[in-house]
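**Q** Give me a 3D structure for the following:
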Amino acid sequence: MKLSEIASALDAMLENADPDTEITGVAGIEEAGAGQITFVANQKYAAAAKSTSAAAVIVSSSFPAIPTGMLRSQNPYLAFARAINLFYEQPRYEPMVHPTAVIAPTAKIGANAHIAAYVVIDEDVEIGDDAVLLPHVVIYRGCRIGNRFLAHAHAVVREYCRLGDDVILQNGVIVGSDGFGFARDGEQHWEKITQSGPAVLEDGVEVQANSCIDRASVGETRIGRGVKIDNLVQVGHGSSVGEGTLLCAQVGLAGSTAVGKNVILAGQVGVAGHCRIGDGVVVTAQSGTHGDIPPGSMVSGSPAFDHKQWLRAVGIFNRLPELAKALRSVSAERPERDKTAKKEP
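**A** All right, here's what the predicted structure looks like:
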């Protein structure tokens, strides 16, 4: 594909390069060679952009000029993502039902489905058109799933859960596993609380590998439209996650957590149960929240508080040994000053 064709496809402005240069693929800034394109989304990588062997670099509109060819874009990261699609062909799954698949007679599956080896679909399940269920996927009874469902190997959807259109489950995802609910009786024995409410995933949700979305004891657990959930995330029973939110790797939501729209919970964030996180909140990596967070906030630490204040606190924390030494020195000098003051007439 010619550079001029790529520029047109990405709605980017080509500079300092022959538009007829043939491009064979994309690569990282350090690995890219002749005939490939790469990207830089941050100006701190300007030096790497100057030394790359790539034929062209996707950069922002304000990125400084470099000797290498440039594809200027308003959103270079998004443009790079789309450039990958120009060269990588996703696997295509032809309509079929593998002879080892087990499909209950009451299940209803739409047109053009690809049902791979050892898939199990239980009674009273409904799945829309163009579904792809890869090996060992299990759909429990009573589930309702929309169009263009893609479930990678070993994904499981438990009983009576509801999934919208264009939902993607990566390998090992479990939707609707039992919530962690137990009540202690007089004998100090933990009695299991039945988890009767389904998990609901709205349109365009993607859940990545080995994440769990628990069903609710009563009511439902709901994941809003367009939410993206990273690997190894735990969504506790009865929680809700607003549309457009990102839950990054190893995030944990305790039960009955309410997360707003367009929130970002970075890696390993933990949220205590029954908390409300407002729209547009950003919680930085490894933070722990123990109360409600108002919309638009950015918080850090455990317990989490305002991010700018946290940065100042961390700066002071690093100086604590030095400050403690200075304080001890001042404390040691004070008695001597007091003695001198008493001797003065």
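**Q** Just list whatever residues bridge to His114.
**A** Bridge pairing for His114 (DSSP bridges) gives the partners Met96, Val132.
**Q** What's the local residue count around it?
**A** Look at His114: counted by other Cβ atoms under 10 Å, it has 18 neighbours. C-beta: built from backbone N, CA, C; applies to glycine.
**Q** residues in contact with it?
**A** Counting by Cβ atoms under 8 Å, 6 or more residues apart in numbering, His114 touches Tyr93, Glu94, Pro95, Met96, Ala131, Val132, Leu133.
**Q** Need the pLDDT of the nearest residue to the first one once chain neighbours are set aside.
**A** Once flanking residues are discounted, Tyr93 sits nearest to His114: 3.8 Å by Cβ to Cβ, 6 or more residues apart in numbering. In this model, His114 is scored at 98, pLDDT.
**Q** where does Arg312 land in three-state SS?
**A** Arg312 carries the three-state label helix when classified by DSSP: H, G, I helix; E, B strand; the rest coil.
**Q** That one: how many residues sit nearby?
**A** If you count neighbours by other Cβ under 10 Å, Arg312 ends up with 10.
**Q** Can you give me the domain boundaries for this protein?
**A** 3-87, 155-303 (automatic domain parsing).
**Q** worst average pLDDT in those?
**A** Note on the domains of the chain: domain 3-87 shows the lowest mean pLDDT, a mean of 91.
**Q** Can you give the contact residues for stretch 77-89?
**A** Residues contacting stretch 77-89 (Cβ under 8 Å, 6+ apart): 1, 6, 9-12, 24-26, 37-39, 41, 58, 71, 73.
**Q** mind redoing it with 10 Å?
**A** Outside stretch 77-89, the residues that touch it by Cβ atoms under 10 Å, 6 or more residues apart in numbering are 1, 5-7, 9-12, 23-26, 36-42, 57-60, 71-73, 75-76.
**Q** Please spell out the ChimeraX selection for the buried subset of those.
**A** Entered in ChimeraX, the line below selects the buried ones among the contacts of stretch 77-89, by 16 or more other Cβ atoms under 10 Å:
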select :6,7,10,12,23,26,36,37,38,39,40,41,57,58,59,60,71,72,73,75,76
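**Q** Narrow the contacts of stretch 77-89 to those in helices?
**A** Glu5, Ile6, Ala7, Ala9, Leu10, Pro76 (DSSP state H).
**Q** Next, give me the two most distant ones among those residues.
**A** Using Cβ to Cβ, the ones in helices among the contacts of stretch 77-89 reach their maximum pairwise distance at Glu5 and Pro76, which is 18.2 Å.
**Q** Same list (the ones in helices among the contacts of stretch 77-89) but as TSV, adding distance to Ile193.
**A** What follows is those, written out as TSV (distance: Cβ to Cβ, whole Å):
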residue	distance to Ile193
Glu5	59
Ile6	56
Ala7	58
Ala9	53
Leu10	52
Pro76	49
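**Q** where along the protein do the helices fall?
**A** Along the chain, the stretches classed as helices by DSSP H are 3-10, 46-51, 76-87, 307-318, 320-343.
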